[in-house]
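**Q** Sequence and predicted structure below; questions after.
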Amino acid sequence: MHDRSAPAPSDLDLARRLSVAPMIDWTDRHCRRLHRMLAPGALLYTEMVTTGAILFGDRERHLGFGPAEHPVALQLGGSEPEALAEAARLGAERGYDEINLNCGCPSERVQKGAFGACLMREPELVADCVRAMREAVPVPVTVKHRIGVDDDEEWPTLSRFVSEVAEAGCSVFIVHARKAWLKGLSPKENREIPPLRYELVERLKAERPDLTIVLNGGLRSEAAVADALARFDGVMIGREAYENPWSLTRFGPLAGQEAPPGLTREAVVRAMADYAEARMATGTPFRAIGRHMLGLFNGLPGARRYRRILSEGMVQGLPARELLDAALAAVTRDDDTTRKAA
């Protein structure tokens with residue numbers, strides 16, 4: 001149980017202007033620690049955690065997080081109202097600031113569990129799940145979803161789904177502006193092949209101004225983020241935040257959030273070295289932390305060498321601080337060479 005109370009609604013609304021998407025195998029607690037340094041005001045999300053994992057698995061592993069990660073939301077995967085309510089209650093007791101229901105993941109494993117994107121075809125069930133969770137927790141319950149599935153007509157599916165779930169008391173909808181194809185496309189292809197339909201999400205916002213609508217999908221540049229923030233209540237960044245984490249330092253101010261004062265990539269690496277040593281003392285392998293830092297210098301001279309040194313060193317099991325110092329020196333050396341050449 002954390003001693004920090006959940007943010008006031010106005011604080012959470014500001015945090016929601018920029019959020020980092022829940023990404024399986026990516027947005028674990030170590031990734032979130034890195035992202036928090038880069039975006040002090042953003043709302044961060046866990047990976048999707050199934051109700052079964054929480055109710056019958058290692059709760060510390062699935063629910064554990066540090067106070068520095070606030071504001072942070074727990075994303076749940078499931079379709080049984082009672083199980084979702086209990087998992088949400090346990091998450092809220094841990095101190096999560098929001099509970100989010102996944103209605104957008106198209107993986108076969110999720111489909112076999114009858115949740116994720118296939119729930120878009122069962123808005124009444126999702127409404128029941130939302131009601132049960134809202135009754136169980138004092139924090140906001142939100143839903144992340146697609147604009148449709150398979151051959152279903154997009155606007156009727158989207159409109160009906162949101163209307164039904166809103167009736168259950170959900171007021172925040174995070175919309176990945178692509179269809180989900182449950183058959184024939186892999187999860188990776190589902191993030192790239194179905195076309196983005198921002199105009200449908202914009203229509204949703206126009207027809208439901210009472211709801212908070214956050215746009216997700218394909219937002220990778222400052223221009224795209226600024227444009228989306230002018231039309232929606234917030235943006236959720238996915239792959240760009242992971243592959244090019246420094247981009248968060250530029251997106252935050254666009255969302256009205258404070259930029260980290262005087263932050264440098266070197267300072268982030270040094271801080272992550274301190275964090276890694278503390279976590280390693282409790283049994284966490286450095287690779288679990290260092291893998292999230294590979295994209296920190298993307299686009300800069302020496303970035304490829306930095307990634308190679310870090311990747312090879314993690315495989316070899318080199319000491320964390322020694323390895324990070326060596327990786328950092330490679331980038332610094334190239335920066336110095338670039339300045340002298342200029």
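**A** Nice, thanks for sending it over.
**Q** Correct me if wrong, but residue 246 is in a helix.
**A** Yes: according to DSSP: H, G, I helix; E, B strand; the rest coil, residue 246 belongs to a helix.
**Q** For it, give its distance to residue 26.
**A** Applying Cβ to Cβ, to the nearest Å, the value for residue 246 to residue 26 is 16 Å. No exception for glycine: its C-beta is placed from N, CA and C like everyone else's.
**Q** Tell me the helix or strand right after the strand of greatest length in the chain.
**A** Ranked by residue count, the top strand of the chain under DSSP state E comes out as strand 43-50. Using DSSP states H and E, the next helix or strand after strand 43-50 towards the C-terminus is helix 51-56.
**Q** Pull out the buried positions in that next one.
**A** Residues of helix 51-56 classed as buried: 51, 53, 54 (neighbour count, 16 or more other Cβ atoms under 10 Å).
**Q** Could you verify my assumption that the first one touches residue 84?
**A** Yes: using Cβ atoms under 8 Å as the test, residue 51 is close enough to residue 84 to be in contact (5.8 Å).
**Q** what residues do the two have in common as contacts?
**A** 76, 78 (Cβ atoms under 8 Å, 6 or more residues apart in numbering).
**Q** State the mean pLDDT of stretch 158-175.
**A** The average pLDDT for stretch 158-175 rounds to 98.
**Q** Identify each buried residue in it, please.
**A** Buried-residue list, stretch 158-175, by 16+ other Cβ under 10 Å: 158-159, 161-162, 164-166, 168, 170, 172-175.
**Q** and that stretch, how far apart are its ends?
**A** From its first residue to its last, stretch 158-175 covers 9 Å (Cα to Cα, to the nearest Å).
**Q** Which helix or strand lies directly C-terminal to the lowest-mean-pLDDT helix or strand in the chain?
**A** One helix or strand of the chain scores below all others by mean pLDDT, DSSP states H and E: helix 108-112, with a mean of 62. Note on helix 108-112: by DSSP H and E, the next helix or strand toward the C-terminus is helix 123-136.
**Q** what does that following helix contact?
**A** So helix 123-136 is contacted by 76, 78-82, 84-86, 88-89, 92, 99, 101, 103, 119, 141, 143, 160-161, 163-165, 167-170 (Cβ under 8 Å, 6+ apart).
**Q** Restricted to helices, list those residues.
**A** Per DSSP state H, helices hold the following members of the contacts of helix 123-136: 81-82, 84-86, 88-89, 92, 160-161, 163-165, 167.
**Q** Walking through the stretch 151-300 of the chain, point out its strands one by one.
**A** 172-176, 179-180, 212-216, 234-237 (DSSP state E, counting those that start in this stretch).
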